[in-house]
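[1] need coordinates for the below:
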Amino acid sequence: MKGLILVHLGQCNEGINLVKEGMRKDLSSHICWHVWALIQKSGHKYEDTLKSYIQALKFDKDNFNILQDTAVLQMQTHQFGGLVDTRHNLLRLRPYNRHHWVGLAVAYQLMETSLRQNKFLNVLKDFFG
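    I've put the predicted structure just below:
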C-alpha cells in the first residue's frame with residue numbers, strides 16, 4: 001500500500017520498487033496484485049491491468065472489489081466473454097442487488113452483438129477477399 005501511495009504522490013520509481021518487492025516476498029498475495037493493477041491502471045496500461053486483476057482473482061476469487069474493477073476493464077477492452085463470467089460471479093456473490101442482474105444482461109447483449117459483428121466481418125472478408 002505504501003508503494004501505491006508513493007506512486008500517487010509523484011515518487012513513481014520508489015513506489016513501483018516497493019510494490020515489486022512486496023510481490024517478490026509473496027507472489028500469491030491478491031493484495032499485491034491488486035495494488036500492481038491499480039498502478040498499471042493509472043498508467044493507462046489496461047491490458048496489463050486486466051492481467052493483474054485476473055492474477056489477483058486466482059488467489060481470491062470472491063473478492064468483490066477486484067471483480068468489479070475487472071468487469072469495468074473487460075467492458076473497456078471489449079472482452080465480453082470474460083465480462084459474462086465476471087458478471088456471473090458478481091451475481092453469485094450478491095444476487096439481491098438488481099444492478100448485477102442488469103449488468104449480466106448487458107454483458108450477454110454485448111457478447112451477442114460482438115459475435116454478430118465478427119460473423120458479418122467474416123462474410124465481408126470472404127466476399128471481398
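[2] nearest residue to the residue nearest in space to the middle of the chain in space, please, no chain neighbours.
    Central residue of the chain (Cα atoms, centre = their mean): T70, 2.6 Å from the mean position. In this structure, T70 finds its nearest non-sequential neighbour in Y53, 4.4 Å apart by Cβ to Cβ, 6 or more residues apart in numbering. Where you see a C-beta, it was placed from the backbone N, CA and C, and this is true even at glycine.
[3] tell me the SS of the one you found?
    Under DSSP: H, G, I helix; E, B strand; the rest coil, the three-state class of Y53 is helix.
[4] so it touches L73, yeah?
    Yes - with contact defined as Cβ atoms under 8 Å, Y53 counts as touching L73 (6.6 Å).
[5] what separates the helix or strand harbouring H99 from the chain centre, distance-wise?
    Secondary-structure element containing H99, defined by DSSP states H and E: helix 98-128. Remark: helix 98-128 is offset 19 Å from the chain centroid, using Cα atoms, centre = their mean, to the nearest Å.
[6] name the helices or strands packed onto it?
    The contact analysis (3 or more Cβ pairs under 8 Å, 6 or more residues apart in numbering; DSSP states H and E) places helix 98-128 against helix 80-93.
[7] change it to 10 Å
    Where contact means 3 or more Cβ pairs under 10 Å, 6 or more residues apart in numbering; DSSP states H and E, helix 98-128 is packed against helix 64-76, helix 80-93.
[8] could you check how far L67 is from R87?
    Going from L67 to R87 by Cβ to Cβ, to the nearest Å gives 9 Å.
[9] those two: which is more packed in?
    R87 (25 against 22; other Cβ atoms under 10 Å).
[10] quick one: the more buried one from A107, how far?
    Taken as Cβ to Cβ, the span from R87 to A107 is 5 Å.
[11] what do these two both touch?
    Overlap of the contact sets of R87 and A107 (by Cβ atoms under 10 Å, 6 or more residues apart in numbering) consists of A71, Q74, M75, F80.
[12] closest one of these to N118?
    Closest to N118 out of these is F80 (10.9 Å), distances taken as Cβ to Cβ.
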